[in-house]
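Chemist: what would the 3D arrangement of this be:
(4 chains)
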Protein chains: 4
Amino acid sequence: MTSPQLYAPEWQVQTWFNSDRPVLLSGLRGRVVVLTAFQVLCPKSLAVAIPQALRIFETFEPKDVAVIGLHATFEHHAAISVPVLKAFIHEYRLKFPIALDQPNPASPIPVTMDRYQMRGTPSLVLIDRQGVIRKHSFGPVEDLRIGAEIGALIQEAAGVATLDQSSAA
Amino acid sequence: MTSPQLYAPEWQVQTWFNSDRPVLLSGLRGRVVVLTAFQVLCPKSLAVAIPQALRIFETFEPKDVAVIGLHATFEHHAAISVPVLKAFIHEYRLKFPIALDQPNPASPIPVTMDRYQMRGTPSLVLIDRQGVIRKHSFGPVEDLRIGAEIGALIQEAAGVATLDQSSAA
Amino acid sequence: MTSPQLYAPEWQVQTWFNSDRPVLLSGLRGRVVVLTAFQVLCPKSLAVAIPQALRIFETFEPKDVAVIGLHATFEHHAAISVPVLKAFIHEYRLKFPIALDQPNPASPIPVTMDRYQMRGTPSLVLIDRQGVIRKHSFGPVEDLRIGAEIGALIQEAAGVATLDQSSAA
Amino acid sequence: MTSPQLYAPEWQVQTWFNSDRPVLLSGLRGRVVVLTAFQVLCPKSLAVAIPQALRIFETFEPKDVAVIGLHATFEHHAAISVPVLKAFIHEYRLKFPIALDQPNPASPIPVTMDRYQMRGTPSLVLIDRQGVIRKHSFGPVEDLRIGAEIGALIQEAAGVATLDQSSAA
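Modeler: Residues are numbered from 1 along each chain as shown, chains lettered A, B, ... in the order given. Here you go, the predicted structure:
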């Protein structure tokens, strides 16, 4: 029933923070994955998406839900550096793994952002236990709705997909 | 596995608002029920629980989730009247059914509040599609968590219960 | 320079709460008066105006600023009673004097609300140390702006600088 | 009455943003100055102080109040660069002059921050029309209080009443 192209593509990462080794998407199979794409100089990322990612990380069990941050640098390339991200993660007390998306020398859009066809930051992708993309949204998402969607994916048996896969406003 | 006493008791109601006829809990079997107990002179009910009940009502499909308000008058009895509740519901634009709990002449605690052993207002009770109480909390609850719990109950097949049934802080 | 009609008219009150005796406007001469008109079944009164009145009451010195609440019952007359207001004031921990506006048998608009030509609730009136109306607004007002206006009125007659120069927490 | 040491010291700046030429404190004499010290990787600066500085800038007349931002880089020196600040100011739509504090080769504390003896970020300094420091605070400050203090300082030297007496929306 689910077409192959909905399987979440593997991400490609320049540097990982909060993880001793690279975190492979394939290694998270069996867990619900919440992928939050952000930029440290994007006001809505900082005011809305990062605090929400923190709440998700604190609300769900690691065995059920993996929260992954993705710094998708598609603007202000000259401003973003590893020390900026390191200081940011320290100051905001983020504990979940955060990836610096792999730059693409041929484009301002980094590799993972391009693979996932994200429209900007913040973006949020929900991937189910089988590795299928079940939600892909751009801009702020309400806690109640994202909570319901994560709760349904956790609960879901191996079977059928029912979640709305369209982008939020 | 689920002991009989966890089945949600039928509520007993003096007056219904936003419903032409009495809403029986037994008539909601097959849907997830969100029962929000509140009082119009309770600051946390007004600032937190009523806006959250509205968001729940607007987020989920009526075929999946029934939101029921319960005005559990356990204090300030002389202040609460049908006109007060009617005006309140009008001003706050509430559209879901709201019950005025049946007073108990022998106690300040009204009948339904007593049956559900609520500790005060606001209280929130989640009842699954089979009529079993799956959450019973007193005080504010985070949107993310209640969203996850409702999402899981909607998704749940007829089978097993996994939700935390303990009271929230 | 100030035309006589800008002098704030005396209020007319059915019942006072949080005051052993009637509070006359003429008795507040020499202080800045913040008059907050509200209704307990008005969502913006409860969510915005009452919390702001509380902050004003807690921020300024009583010798400089008198905060007066006015319950201007111009709708839902059947719902509002002295016990409703008493319970409300108790639950919201209001400590400043609150007046129940004098009903007008010939009109739904109570007497003081009519004298001040208020357009609805919440309304906010700033009266200077000489008894002159200096601001008259309907609907929510930003804290920064109302703070600046009160601060200017306090300073106006004082002549000398009294600002706190110590560090905030 | 005011001791000389309370006069605000001139700031020393590496780079100005949102201003074609250096902004001298001495050139602001006659206006109330709101100096907001912040860092782009400081959560409270971003969540509280910068939005408040924006509100202050939008609420008061430029002829009365000058808002000046000071990026006081006292930590994460390797992360902060002119492109970071430029991108930040662009993304947060800041229009008031912002100074990058002059680094001190002998100390992690930059020159202006040291002169003003700031304890960290965010810090807020109020300087009156005569150039005297009237408030010096560290950490978040309530809008109502800072509004009152600015309003008093504006009024202080003005002598006459200028408050808006029209109704708010």
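
Chemist: show the backbone phi and psi for the closest residue to A:Val34 other than its chain neighbours.
Modeler: Spatial nearest neighbour of A:Val34, excluding adjacent residues (CB to CB, 6 or more residues apart in numbering or on different chains): A:Val67 at 4.9 Å. For the C-beta atoms, the positions are set from N, CA and C on the backbone; glycine is no exception. The phi/psi pair for A:Val67 (degrees, to the nearest 10) reads phi -100, psi 130.

Chemist: A:Val67 reaches A:Phe38, doesn't it?
Modeler: No. Contact between A:Val67 and A:Phe38 fails when scored by CB atoms under 8 Å: they sit 12.0 Å apart.

Chemist: show me the common contact partners of the two, please.
Modeler: Common contact partners of A:Val67 and A:Phe38 (CB atoms under 8 Å, 6 or more residues apart in numbering or on different chains): A:Ala53.

Chemist: ok so, going back, and the residue nearest to A:Val34, what does it touch?
Modeler: Here A:Val67 is in contact with A:34, A:36, A:53, A:56-57, A:96 (CB under 8 Å, 6+ apart).

Chemist: tell me the spacing between it and A:Val23.
Modeler: Here A:Val67 is placed at a distance of 11 Å from A:Val23 (CB to CB, to the nearest Å).

Chemist: whatever residue of chain A ends up closest to chain B: neighbour count?
Modeler: Proximity of chain A to chain B (CB to the nearest CB) peaks at A:Gly147, 2.5 Å away. A:Gly147 has 28 neighbours, counted by other CB atoms under 10 Å in any protein chain shown.

Chemist: before we move on, what about A:Ile133?
Modeler: 21.

Chemist: name the element it belongs to?
Modeler: Assigned by DSSP states H and E, A:Ile133 belongs to strand A:133-138.

Chemist: who in chain A is up against chain B?
Modeler: Within reach of chain B by CB under 8 Å from any CB of the partner chain, chain A has these residues: A:52, A:55-56, A:59-60, A:142-152, A:154-157, A:162.

Chemist: quick one: buried ones out of the residues you listed?
Modeler: A:52, A:55-56, A:59-60, A:142-152, A:154-156 (16 or more other CB atoms under 10 Å in any protein chain shown).

Chemist: narrow those residues to those in helices?
Modeler: A:52, A:55-56, A:59, A:143-152, A:154-155 (DSSP state H).

Chemist: and those, which two are furthest apart?
Modeler: A:Gln52 and A:Gln155 (20.6 Å; CB to CB).

Chemist: hmm, A:Ala53 and A:Lys95 touching each other?
Modeler: No. Contact criterion CB under 8 Å: A:Lys95 and A:Ala53 do not qualify, at 10.5 Å.

Chemist: settle it for me: which of those two has more neighbours?
Modeler: Set side by side, A:Lys95 and A:Ala53 show more neighbours around A:Ala53, with 24 against 12, by other CB under 10 Å.

Chemist: and the pLDDT at that one?
Modeler: Note for A:Ala53: predicted pLDDT of 98.

Chemist: equivalent analysis for A:Ala8, please.
Modeler: 97.

Chemist: ok, it - contacts?
Modeler: A:25, A:33, A:35, A:116, A:125, A:127, A:131-133.

Chemist: cool, and A:Glu10?
Modeler: A:24-26.

Chemist: and the spatially most central residue of chain A, what element?
Modeler: Central residue of chain A (CA atoms, centre = their mean): A:Leu35, 1.6 Å from the mean position. Under the criterion of DSSP H and E, A:Leu35 resides in strand A:32-38.

Chemist: give me the angle between that strand and helix A:143-155.
Modeler: If you take axes from the mean of the first three to the mean of the last three CA atoms, to 10 degrees, strand A:32-38 sits at 140 degrees to helix A:143-155.

Chemist: how about the nearest residue to A:Phe57, chain neighbours excluded?
Modeler: Excluding the flanking residues, the one nearest A:Phe57 by CB to CB, 6+ apart is A:Val67, at 4.4 Å.

Chemist: what distance do you get for that neighbour to chain D?
Modeler: 18 Å (CB to the nearest CB, to the nearest Å).
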